[in-house]
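Peer 1: return a 3D structure for these sequence lines:
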Amino acid sequence: MRGFKDVAIIGAGPYGLSLAAHLKILGLDFQIFGHPMDAWRSHMPAGMLLKSDGFASNLYDPTGEFSLADYCREHGFAYHDEQIPVPLDAFVGYGLEFARRFVPDLIDTLIVAVKREADGFKLTSADGEVVGARRVVVAAGIGRFARRPPQFDGLGPEYASHSYDHHDLSIFSHRTVAVVGAGASAIDLAALLSDRAADVRLICRANKLRFGSKPSERGRSLWQRLRHPSSGLGPGWRSRLSTDAPLLFHALPAPARLPIVRRHLGPAAGWPMREKVEGRVEVLRGHELLGASVVGGRVQLSLRKADGTPVAASCDHVIAATGYRVDIDRLGFIEEPLRSDIACVEKTPILSSRFESSVEGLFFIGPAAANSFGPLMRFAFGARFAARRVADALKPAARSNAVRRPAPVPA
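Peer 2: Sure, this is the predicted structure:
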């Protein structure tokens, strides 16, 4: 057994690393576990450009001394707060360097079990090591929440997969691939597959693909800034309120909060993808996926147009770029009955104003916190608010003050 820690952080993406940097400055006795930047390093397609602006793609140390702009300047990457898209490899390199500088004691392993004990929690790692912790912060990324269409249930991995499964797309060169979806993941994948000489077809229920607006080299006018103020989630008053007032969002009743999280910032790709897709990739708009099967070593897709007309399509492989949906039951490393004791709404943990769940000492940050704090938690930009808020709750001065935990929501 490694010993007993005051705090254990599970997850080493932007949220977990930012929180660890804050706790280190406070001098707390903590340990962070996880493969650093794993979702970005191993599960996003090589060559991808981040949808978020450069200024909104930082990790956060308390002193603000190491930004993405600093990293790009040190390593020769072109950078602009808004006008130059951030390459995936720059963001990954920045995150790994952030970990080396601010979280050198990170243990590069996964936690496979969390169990409640009389004095806190017991965590077991993939290599069999055990550590006790008084409090636990779950900073799980999106990977566990990948949403796969049930129509693909009968297909093996050689025929169907999720966008999260792919980093190296060269395996699809000179093969026919169907991508299902209309959001950034789907559009990015289609463009990058086309770049790698794959024969790509993009299939979506939407009648129109949406792209962000290319920033003007002259900048935005005063009128544009007033009508659509800038934010870490993109321009617009709703996004600005999401980034600037997450506690106000938290104070709203659940029936008001949940629809906002579902609907705000719907499927759309970054502006550079428009020229990579339009005229280069075949797009079947307004097509609903009904079923899929394998016949003669190829995937046969059954589709339906909006007017009811049936359509058949075939390919070597189909990729579901159908997004993610948080579900507490997907966090299988949290053992029962602990998981069942977490008060939830729509299978997401109900959190206090300091990110604590109904189980004392168990916190959630990142995508799992979106239904409590808004769309901000779905983006790396939210790591700053979450890290500061949770660090404040965990610091020694806060221990004598009871943190109000959320009341369970009636089923």
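
Peer 1: only C-alpha atoms from now on, for both contacts and neighbour counts.
Peer 2: OK.

Peer 1: which residues touch the helix or strand of the chain with the lowest mean pLDDT?
Peer 2: Within the chain, confidence by mean pLDDT, DSSP states H and E is lowest for helix 222-227 among all helices and strands, at a mean of 85. Residues external to helix 222-227 that are found in contact with it (CA atoms under 8 Å, 6 or more residues apart in numbering): 236-237.

Peer 1: in it, which residues are buried?
Peer 2: When burial is assessed from 16 or more other CA atoms under 10 Å, helix 222-227 yields no buried residues.

Peer 1: what do you get for stretch 342-356?
Peer 2: By 16+ other CA under 10 Å, the buried positions in stretch 342-356 come out as 342-345, 347-356.

Peer 1: cool, stretch 220-239 as well?
Peer 2: 228-236, 238-239.

Peer 1: export these to JSON lines and tack on secondary structure?
Peer 2: As requested, these are arranged in JSON lines below (DSSP: H, G, I helix; E, B strand; the rest coil):
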{"residue": "His228", "secondary structure": "coil"}
{"residue": "Pro229", "secondary structure": "coil"}
{"residue": "Ser230", "secondary structure": "coil"}
{"residue": "Ser231", "secondary structure": "coil"}
{"residue": "Gly232", "secondary structure": "strand"}
{"residue": "Leu233", "secondary structure": "coil"}
{"residue": "Gly234", "secondary structure": "strand"}
{"residue": "Pro235", "secondary structure": "coil"}
{"residue": "Gly236", "secondary structure": "coil"}
{"residue": "Arg238", "secondary structure": "helix"}
{"residue": "Ser239", "secondary structure": "helix"}
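
Peer 1: just to be sure, Leu17 is in a strand?
Peer 2: No. Assessed with three-state DSSP, Leu17 is helix; it does not lie in a strand.

Peer 1: distance of it from Glu278?
Peer 2: Distance of Leu17 to Glu278, given as CA to CA, to the nearest Å: 38 Å.

Peer 1: of these two, who's got more company?
Peer 2: Leu17 (32 against 12; other CA atoms under 10 Å).

Peer 1: the more buried one against Val103, yeah?
Peer 2: Yes. Leu17 sits in contact with Val103 when judged by CA atoms under 8 Å, with a separation of 6.9 Å.

Peer 1: returning to that earlier point: okay, the buried residues of stretch 220-239 in CSV with distance to Ser67 and pLDDT next?
Peer 2: As requested, the buried residues of stretch 220-239 are arranged in CSV below (distance: CA to CA, whole Å; pLDDT from 0 to 100):
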residue, distance to Ser67, pLDDT
His228, 25, 87
Pro229, 23, 91
Ser230, 19, 91
Ser231, 17, 92
Gly232, 15, 92
Leu233, 18, 92
Gly234, 19, 90
Pro235, 21, 90
Gly236, 24, 91
Arg238, 26, 92
Ser239, 22, 93
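
Peer 1: Arg134 falls within a helix, correct?
Peer 2: No. Membership of Arg134 in a helix is not supported by three-state DSSP, which gives strand.

Peer 1: skipping adjacent residues, who's closest to it in space?
Peer 2: Nearest residue to Arg134 in three dimensions, chain neighbours excluded: Gly120, at 4.3 Å (CA to CA, 6 or more residues apart in numbering).

Peer 1: state the distance from that neighbour to Leu338.
Peer 2: 12 Å.

Peer 1: any idea how far Lys122 is from the residue lying closest to Thr124 once chain neighbours are set aside?
Peer 2: In this structure, Thr124 finds its nearest non-sequential neighbour in Val130, 4.5 Å apart by CA to CA, 6+ apart. In this view, Val130 and Lys122 are 7 Å apart by CA to CA.

Peer 1: more neighbours, those two?
Peer 2: More neighbours sit around Lys122 than around the other of Val130 and Lys122, counting by other CA under 10 Å; the figures are 21 against 17.

Peer 1: I'd like the distance between the more buried one and Arg384.
Peer 2: The spacing between Lys122 and Arg384, counted by CA to CA, is 28 Å.

Peer 1: and what of Lys276?
Peer 2: Taken as CA to CA, the spacing of Lys276 relative to Arg384 amounts to 33 Å.

Peer 1: tell me which stretches of this structure form helices.
Peer 2: Using DSSP state H, the helices assigned to the chain run over residues 14-26, 38-43, 68-75, 88-102, 184-195, 222-227, 237-244, 246-251, 254-263, 273-277, 370-373, 383-394.

Peer 1: the longest one versus helix 68-75: what angle between them?
Peer 2: Spelled out, it's helix 88-102. Per axes from the mean of the first three to the mean of the last three CA atoms, to 10 degrees, the angle that helix 88-102 makes with helix 68-75 is 100 degrees.

Peer 1: now helix 88-102: mean pLDDT?
Peer 2: Confidence over helix 88-102 (mean pLDDT, whole number) is 98.

Peer 1: then that helix to CSV, C-alphas only?
Peer 2: The C-alpha trace of helix 88-102 is given here as CSV (Å, rounded to 0.1, in the frame of the first residue of the first chain):
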residue,chain,number,x,y,z
LEU,A,88,-3.4,18.9,-31.7
ASP,A,89,0.3,18.1,-31.4
ALA,A,90,1.0,21.5,-30.0
PHE,A,91,-1.8,21.2,-27.4
VAL,A,92,-0.6,17.7,-26.4
GLY,A,93,3.0,18.8,-26.1
TYR,A,94,1.9,21.7,-24.0
GLY,A,95,-0.1,19.5,-21.6
LEU,A,96,2.8,17.1,-21.2
GLU,A,97,5.2,19.9,-20.5
PHE,A,98,2.7,21.4,-18.0
ALA,A,99,2.6,18.1,-16.2
ARG,A,100,6.4,17.9,-16.1
ARG,A,101,6.7,21.4,-14.7
PHE,A,102,3.9,21.5,-12.2
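
Peer 1: so which residues lie in contact with it, not counting its own?
Peer 2: In contact with helix 88-102 (CA under 8 Å, 6+ apart) are residues 13-14, 17, 20-21, 24, 36-37, 40-41, 46-50, 57, 59, 61, 66, 68, 71-72, 77, 106.

Peer 1: please redo it, this time with the cut-off set to 7 Å
Peer 2: Helix 88-102 is contacted by residues 17, 21, 36-37, 40-41, 47-50, 68, 71 when judged by CA atoms under 7 Å, 6 or more residues apart in numbering.

Peer 1: how about stretch 129-137?
Peer 2: Outside stretch 129-137, the residues within contact range by CA under 7 Å, 6+ apart are 1-10, 119-124, 361-364.
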